[in-house]
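>>> need a structure here:
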Amino acid sequence: MNINTFEKQFKKVIIQRGHDYYVKNHVIDIMQIDNSNWQAEVEGTEPYTVDVVITSNGDITYANCDCPYDDDCKHIAAVLYAIKEQLNNPPVPVSRSSKVKKSTLQQLLTTQTKENLISLILTVGENSPNFLQELEMRLIEPTDIVKAAKKMIVQHLKSGQEGRSGFIPRHRASKALKGVYSTLQHAKEHIDEENYITAIELSFLCLQYTLEALQYGDDSDGHFGDAINESLELISQAIEEGASLWSKEQYETVYELVIQKAMQHELDGWVDCRIHLLHACVPLCVDDAIEEQFKTLIHSMESTSDDWNAQYINKELKQIELHLLKDKYSSKEVEAFLEKHIEDYHMREQIIQSAINRGEYEKILQLTADGIQQDQQLPGIVSMWQRYAFLAHQHLGHTEEMRELALTLLQQGDYDFYKEFKALHSTEQWPEVLEELLNSLTNSQLYARLIVEEQQSKRILDYCKEYPTRIEDYYQFIKEQYYEEVCALFIDAVTIDAQSSANRKNYKDVCRSINIMRKAGYTVEAERLITDLLQTYPKRPAFIEELKSIMK
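You can find the predicted model right below:
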């Protein structure tokens, strides 16, 4: 998207509203921060901030607005019009030989003295406390940064609340989490500077306050979820990178911090967060004492309950233990652990993948056969075992077993095995085999796909007779052979849709179908159908309006 042609990338209604906002001076403040960054304030239901990044050749690489609209909005469009105006219409030259270009904020700041800058910052900050909090976080000592971040996060969360209820509505979620996202950015910067423990503390702060705020916030747009996930990922990243640099004392400090946070009662309802944090501890287990503590904790969390939630936690704990083994122990010890817990299909699959790498195809057949028997109540898992078994039979040259499995997988709806199944039969065998296959798939979602693939014209026609509205998708495959029948199906499909239509959207869909009928070559019949519909539904003015709009 380029600043000179951006209108083409917006929906027509959005660009019209954006231009209207621009013309009516709703862009109340616009600033070029440096050579590529722009920021503007747009007056809407409430003031919204728009950030834009434009390259030297006019390409727009970033555009964001803090309004609740999910996509490109009228506020962004209005700001782009304002930027375009400034870029394409610079101030009038002072003389014929010189041009005056408006200085960027960065250029203006470099001309100021230290005393002027301090005075300016404090003056602006009187009306913008969030600005001062952000600045403070970048200037204070690391020992005080968590306290400053907490203050900023709380301030923003309060600003996003609605009235006295404390609720954060959907359209204010992004605004409420500005402090969280700013702190996460600081955490990333501390990781880059190898200040890993500070980064972990800041990320935990974001995780804590976001989880709390989610209890009284609407996360329909996923802003809270994104902040939680980013906090967890940064904690893991900081531990992963810091583990190779820390002393034994630092290992212990970080381990205690992460375990304390992971096991606090506030995470009892957030199992996946707890599991993520426990996984993050694995790199700390290079220290044998920490490893023993960690294993003891993991085993103490296991449950003997048959409750689904308890079983889920048990499986996840086994994955953490496996993570630890892979990180620190030999492949032989990993394999022994997998074998011990083979009833877990995740573990069985990893054993199978190891067997594939070693070419142990007979072992794979035994593993998949046992898996099919064990997991017969889980169709998706059974299908996975069948696919692995097919691979093993393929390497062993077992043609008949491959045919049986490919047929089974096809009948279960797995299209990937259509070509495999066909390749396992000779040209002479295929017509008879195909007929049996299609007869077994008449109620399958694959049926329509296969009859087109195999050019089964009569079956396609019969299929469309059963489902007339699908003629739009399949007429091209049978029109030449069944010209009149296809025309009749178009008429039936449009008639059926017209009968059930009750609003303008439905009426537009009917007209769209008529236009497809025209495209298929039935122009005269389409005009006659429009006339019939006008006569049939004289009391549907919106329908009549739509029909007349497509009349020729």
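>>> quick one: contacts for E46?
Residues counted as contacts of E46 (Cβ atoms under 8 Å, 6 or more residues apart in numbering): none. Heads up, the C-betas are built off the backbone N, CA and C, glycines and all.
>>> got it, and I351?
335, 338-339, 342, 367.
>>> so which of those is the closest to W385?
The closest of the contacts of I351 to W385 turns out to be L367 (Cβ to Cβ; 8.1 Å).
>>> and the helix or strand hosting the closest one, how far out from the chain's middle?
Taking DSSP states H and E as the criterion, L367 maps to helix 361-374. Using Cα atoms, centre = their mean, to the nearest Å, the mean C-alpha position of helix 361-374 is found 35 Å from that of the whole chain.
>>> which helices and strands sit right next to that helix?
Other helices and strands packing on helix 361-374, by 3 or more Cβ pairs under 8 Å, 6 or more residues apart in numbering; DSSP states H and E, are helix 345-358, helix 379-396.
>>> would you list those in JSON lines and tack on mean pLDDT?
Listed next are these as JSON lines, based on pLDDT from 0 to 100:
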{"stretch": "helix 345-358", "mean pLDDT": "95"}
{"stretch": "helix 379-396", "mean pLDDT": "97"}
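>>> now those as JSON lines including distance to Y312?
JSON lines is the format used below for these (distance: least, Cβ to Cβ, whole Å):
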{"stretch": "helix 345-358", "distance to Y312": "12"}
{"stretch": "helix 379-396", "distance to Y312": "15"}
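>>> circling back: just the buried members of the contacts of I351?
With neighbours counted by 16 or more other Cβ atoms under 10 Å, the contacts of I351 contain buried members at 338, 342, 367.
>>> surely the first one is in a strand?
No - in this structure, L338 is helix, not part of a strand, as judged by DSSP: H, G, I helix; E, B strand; the rest coil.
>>> isn't it up against E349?
No - the pair L338 and E349 does not pass the contact test of Cβ atoms under 8 Å, sitting 9.5 Å apart.
>>> how about V42, what does it touch?
Neighbouring residues of V42 by Cβ under 8 Å, 6+ apart: 21, 26-28, 48-50, 65, 75, 78-79.
>>> leaving out sequence neighbours, find the closest residue to M551.
I530 (5.9 Å; Cβ to Cβ, 6 or more residues apart in numbering).
>>> residues near that neighbour, how many?
I530: 19 surrounding residues under other Cβ atoms under 10 Å.
>>> what ranges do the strands span in the chain?
27-32, 37-43, 47-54, 60-65 (DSSP state E).
>>> can you lay out those strands as a markdown table showing mean pLDDT and distance to E291?
Shown next, in a markdown table, are the strands of the chain (pLDDT from 0 to 100; distance: least, Cβ to Cβ, whole Å):
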| stretch | mean pLDDT | distance to E291 |
| --- | --- | --- |
| strand 27-32 | 86 | 54 |
| strand 37-43 | 89 | 47 |
| strand 47-54 | 88 | 46 |
| strand 60-65 | 87 | 44 |
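>>> can I get those strands in JSON lines with distance to V486?
Shown next, in JSON lines, are the strands of the chain (distance: least, Cβ to Cβ, whole Å):
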{"stretch": "strand 27-32", "distance to V486": "55"}
{"stretch": "strand 37-43", "distance to V486": "53"}
{"stretch": "strand 47-54", "distance to V486": "52"}
{"stretch": "strand 60-65", "distance to V486": "47"}
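>>> quick one, which of those gets closest to D492.
Nearest to D492, of all these, is strand 60-65, at 47.8 Å by Cβ to Cβ.
>>> quick one: strands adjacent to the closest one?
Strand pairing for strand 60-65, using DSSP bridges, gives strand 47-54 (antiparallel).
>>> report the angle between the axes of the partner strand and strand 37-43?
Orientation check (axes from the mean of the first three to the mean of the last three Cα atoms, to 10 degrees): strand 47-54 against strand 37-43 gives 150 degrees.
>>> now strand 47-54 and strand 27-32, what's the angle there?
Using the same axes, to 10 degrees: strand 47-54 against strand 27-32 is 30 degrees.
>>> in strand 47-54, which residues are buried?
48-52, 54.
>>> contacts for that strand next, please.
With Cβ under 8 Å, 6+ apart, strand 47-54 has contacts from 3, 28, 36-42, 60-67, 75-76, 79-80, 83.
>>> hang on, the earlier thing: list the residues that contact the residue nearest to M551.
For I530, the contact set (Cβ under 8 Å, 6+ apart) comprises 514, 547, 550-551.
>>> which non-adjacent residue is nearest G225?
Of all residues not flanking G225 in the chain, D219 sits nearest, at 5.9 Å (Cβ to Cβ, 6+ apart).
>>> right, and that neighbour touches I228 too?
No - contact between D219 and I228 fails when scored by Cβ under 8 Å: they sit 9.4 Å apart.
>>> the two: which has the busier surroundings?
Higher neighbour count among D219 and I228: I228, with 22 against 17, using other Cβ under 10 Å.
>>> which non-adjacent residue is nearest that one?
T210 (5.3 Å).
>>> run a quick neighbour tally on that neighbour.
27.
>>> same deal with A369?
Neighbours around A369, by other Cβ under 10 Å: 12.
>>> quick one, grab the pLDDT at it.
Here the pLDDT value assigned to A369 is 97.
>>> now it: closest residue in space that isn't a chain neighbour?
A369 sits nearest to A389 (Cβ to Cβ, 6+ apart), 7.3 Å away.
>>> contacts only, for the one you found.
364-365, 368-369, 372, 401, 405.
>>> so where's the stretch 101-250 of the chain uncertain?
For the stretch 101-250 of the chain, the stretches flagged by pLDDT under 70 are 101-105, 124-143.
>>> next one: the residue nearest to M551 from E546, what distance?
For I530, the distance to E546 equals 10 Å [Cβ to Cβ, to the nearest Å].
>>> please apply the same query to L407.
L407 is 48 Å from E546, by Cβ to Cβ.
>>> which of those two has more residues huddled nearby?
E546 (21 against 17).
>>> residue contacts, that one?
Listed by Cβ under 8 Å, 6+ apart, the contact partners of E546 are 504, 507-508, 510-511.
>>> go with 10 Å
501, 504, 506-512, 514, 533, 540 (Cβ atoms under 10 Å, 6 or more residues apart in numbering).
>>> which one is it nearest to, not counting chain neighbours?
Per Cβ to Cβ, 6+ apart, closest to E546 is Y507, 4.3 Å.
>>> isn't the one you found up against A542?
Yes - if you go by Cβ atoms under 10 Å, Y507 and A542 touch, sitting 5.8 Å apart.
>>> name the residue in those two with the higher neighbour count.
Under the criterion of other Cβ under 10 Å, the comparison of Y507 against A542 puts Y507 first, with 23 against 14.
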